[in-house]
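K.L.:
sequence-free structure coming up:
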């Protein structure tokens, strides 16, 4: 096998191997050629070529999220790595291990007027768990370096330099595994960039051993838990099968416990409250809302998982705060409700295994009362769906009933993820969404990256703005033929019609809703995807069957809904739930 003859490039290759990092998403360029050559010629690595760096980064994020292991990104110098930033910030807040490798110009070439040159060191600032700035080789292109800078005087010993770079890489990968977040490796290369040699001369350092998780002291928590009559468990986004059904059953067979979940928590149990807004929004409309919220207010709030979609639960818990808030997470805890007083630093499964064996049920009307409310809401929900006109809300009801399982379901942000929270989906459908920063950018790219390794089909439900924003995601040679996109096109940012007072703003349609008349038909043709569309409920059955049929190509189903009716339908829905 042939590799780059630049020592630092070899050091990166070897440390990636030592850390079992084998998936590399590469965007084309020249300055990153030493690493592109080395990665693509070594069978240990699986390499993917994606031109658009923003799409490439979200593609890698989707892969890392699904595989639950690090994936690397490689780009050239200049503005290329800035296009990674949206996905880097999402990875940081969602605790997804990405390794960003950016090729750079030598220090003496920066800010002297050379093209494709910016200040790359530390460019991601506080959104990475480690920044690794490697030193410039002095044995490679030594005559150029000697002529252009005093670098040789600073680092005369190439072996010491390589040792320093290896140790910096070792520490960077340690933080990657320890903190489960993105790291940035910035590496300067001097020309010539395309020299080759047969064997690797650099030997990797062994990965540093991670510390063992200690068991938390549970006795004080258990004593408080077993005395409290109103305990609320709120679960954000997490991977499927994070918690066993046995642990869930023990935890929930207690009338003093309410568990509120979202679809992205991937928890299914008869006693969970799976639609938070369905529970809370109608209370806001009651004459005795304060009394009802006081009745819902928990003594203890136990949270785990990632970000929570529902704004309503955040508003409620900030106003009606629990006496104690405990968050379970190995890495970090956000004080989302402004009352956090216990961060238990361990994984959720380990915590619950020790916890549920020592808790006992408490006599309480907390769960029974709110379960009666939930049952009423569910009956009202079904009744409303039966009489509902064609709209965004109705489309979700139609989709939910027809999605095959098992399946991976990816949800775009904004109104898509919020509508999805109002419905129960099959327990064999695994649900994901980029909720770290909750941006509409990158949803399609993430879904395609996650679909690459899933033996089950993947479907993305997205809105028109999110889809158009990430349309370069379809410029991708790795889309599985079973990949499906359900595009809800209401000709603009419909969520702004739902927000209070948004429609009252001047130039609302231009600068908030951003109305348009684009469709996906030409994009589908350009990227060779099958295309289907429907405008009424009557078209649904025939189009759905054709859309889901295996035609040996990925497909888009574009569903047009009435732009000016969707917000009215949703408001009427919550009024009806009362």
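P.N.:
Received the coordinates, thanks. Quantities reported herein were computed from a predicted structural model and do not represent experimental measurements.
K.L.:
what about the helices in the stretch 51-200 of the chain?
P.N.:
Listed in chain order, the helices found in the stretch 51-200 of the chain under DSSP state H, counting those that start in this stretch are 53-67, 85-94, 142-148, 151-154, 158-179.
K.L.:
nearest to residue 549, out of those helices?
P.N.:
Proximity to residue 549 (Cβ to Cβ) singles out helix 53-67 among those, at 24.9 Å. The C-beta positions use only the backbone N, C-alpha and C, and glycine is treated the same way.
K.L.:
by how many degrees do that closest one and helix 85-94 diverge?
P.N.:
Relative orientation of helix 53-67 versus helix 85-94 (axes from the mean of the first three to the mean of the last three Cα atoms, to 10 degrees): 30 degrees.
K.L.:
which strands and helices sit next to helix 53-67?
P.N.:
Secondary structure elements in contact with helix 53-67, counted by 3 or more Cβ pairs under 8 Å, 6 or more residues apart in numbering; DSSP states H and E, are strand 23-26, strand 71-75, helix 85-94, strand 98-104, helix 443-451.
K.L.:
pairing partners for the fourth one, with directions?
P.N.:
Same thing as strand 98-104. Paired strands of strand 98-104, with direction, are strand 71-75 (parallel), strand 183-188 (parallel) (DSSP bridges).
K.L.:
same check, this time on the shortest one
P.N.:
Partner strands and pairing direction for strand 23-26 (DSSP bridges) are strand 46-49 (parallel), strand 71-75 (parallel).
K.L.:
hmm, who's touching that strand?
P.N.:
With Cβ atoms under 8 Å, 6 or more residues apart in numbering as the test, strand 23-26 has contacts from 16, 32, 36, 39-40, 45-50, 56-57, 59-60, 63, 67, 71-75.
K.L.:
what do you get if the cut-off is 7 Å, keeping everything else the same?
P.N.:
Taking Cβ atoms under 7 Å, 6 or more residues apart in numbering as the criterion, the residues outside strand 23-26 that touch it are 36, 39, 45-50, 56, 59-60, 63, 71-74.
K.L.:
likewise for stretch 286-306?
P.N.:
Residues from elsewhere that reach stretch 286-306 (Cβ under 7 Å, 6+ apart): 94, 224-225, 228-238, 265, 283, 316-317, 320, 322-329, 337, 348, 370, 435, 578.
K.L.:
now do that stretch: distance to the chain's middle.
P.N.:
The offset between the C-alpha centroid of stretch 286-306 and the centroid of the whole chain comes to 28 Å, using Cα atoms, centre = their mean, to the nearest Å.
K.L.:
next one: stretch 439-447
P.N.:
9 Å.
K.L.:
got the contact list for that stretch?
P.N.:
Contacts made with stretch 439-447 from outside it, assessed by Cβ under 7 Å, 6+ apart, are listed as 54-55, 58-59, 61-62, 86-87, 410, 412-414, 434, 458, 460, 462, 465-467, 469-470, 473.
K.L.:
just the terminal-to-terminal distance for it.
P.N.:
Using Cα to Cα, to the nearest Å, one end of stretch 439-447 lies 14 Å from the other.
K.L.:
picking that back up, which of the contacts of strand 23-26 sits closest to residue 453?
P.N.:
The nearest member of the contacts of strand 23-26 to residue 453, counting by Cβ to Cβ, is residue 63 at 6.9 Å.
K.L.:
the closest one against residue 451, yeah?
P.N.:
No - between residue 63 and residue 451 there is no contact, the gap being 9.4 Å when judged by Cβ atoms under 7 Å.
K.L.:
give the residues shared as contacts by the two.
P.N.:
When contacts are counted by Cβ under 7 Å, 6+ apart, the set common to residue 63 and residue 451 is empty.
K.L.:
before we move on, what SS does the most centrally placed residue in the chain have?
P.N.:
For the chain, the residue lying nearest the average C-alpha position, counting by Cα atoms, centre = their mean, turns out to be residue 434 (3.1 Å). Reducing the assignment at residue 434 to three states with DSSP: H, G, I helix; E, B strand; the rest coil gives coil.
K.L.:
neighbours around the spatially closest residue to it that is not a sequence neighbour, how many?
P.N.:
Beyond its immediate neighbours in the sequence, the residue positioned closest to residue 434 (Cβ to Cβ, 6 or more residues apart in numbering) is residue 90, lying 5.2 Å away. Using other Cβ atoms under 10 Å, residue 90 has 26 neighbouring residues.
K.L.:
just the one 10 residues further on next, same as before
P.N.:
By the measure other Cβ under 10 Å, the count of residues near residue 100 is 26.
K.L.:
residue 30 now?
P.N.:
As a burial measure, the neighbour count of residue 30 was computed by other Cβ under 10 Å and equals 14.
K.L.:
could you verify my assumption that it touches residue 192?
P.N.:
No - taking Cβ under 7 Å as the definition, residue 30 is not a contact partner of residue 192, at 10.9 Å.
K.L.:
let's verify residue 325: helix, strand, or coil?
P.N.:
strand.
K.L.:
what bridges to it?
P.N.:
residue 301, residue 340.
K.L.:
residues touching it, list them.
P.N.:
Counted by Cβ under 7 Å, 6+ apart, residue 325 has contacts 301, 337, 339-341.
K.L.:
switch to 10 Å and redo it
P.N.:
Listed by Cβ atoms under 10 Å, 6 or more residues apart in numbering, the contact partners of residue 325 are 232, 234, 298, 300-303, 317, 333, 335-343.
K.L.:
got a pLDDT number for it?
P.N.:
Here, the pLDDT recorded for residue 325 equals 98.
K.L.:
quick check: it vs residue 334, distance?
P.N.:
Distance of residue 325 to residue 334, given as Cβ to Cβ, to the nearest Å: 11 Å.
K.L.:
Three-state assignment for residue 395, please.
P.N.:
Under the three-state scheme (three-state DSSP), the conformation of residue 395 reads as helix.
K.L.:
and for the spatially closest residue to it that is not a sequence neighbour, the neighbour number?
P.N.:
Once its chain neighbours are removed from consideration, residue 395 has its nearest residue in residue 559; the separation is 5.6 Å (Cβ to Cβ, 6+ apart). For residue 559, the neighbour count with other Cβ under 10 Å is 24.
K.L.:
report the contact partners of residue 559.
P.N.:
Applying Cβ under 10 Å, 6+ apart to residue 559 gives the contacts 390, 392, 395, 398-399, 461, 486-490, 532-536, 539-540, 543-544.
K.L.:
and these, which of them are buried?
P.N.:
390, 392, 395, 398-399, 461, 486-490, 532-534, 540, 543-544 (16 or more other Cβ atoms under 10 Å).
K.L.:
in strands, which of those fall?
P.N.:
When the buried ones among the contacts of residue 559 are checked against strands using DSSP state E, the ones located there are 461, 486-489, 532-534.
K.L.:
can you put the strands paired with strand 23-26 in TSV and add mean neighbour count, mean pLDDT and distance to residue 374?
P.N.:
Below are the strands paired with strand 23-26 laid out as TSV (neighbours: other Cβ atoms under 10 Å; pLDDT from 0 to 100; distance: least, Cβ to Cβ, whole Å):
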stretch	mean neighbour count	mean pLDDT	distance to residue 374
strand 46-49	16	98	45
strand 71-75	27	98	40
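K.L.:
right, and the residue nearest to the centre of the chain touches residue 417 too?
P.N.:
Yes - if you go by Cβ atoms under 10 Å, residue 434 and residue 417 touch, sitting 9.2 Å apart.
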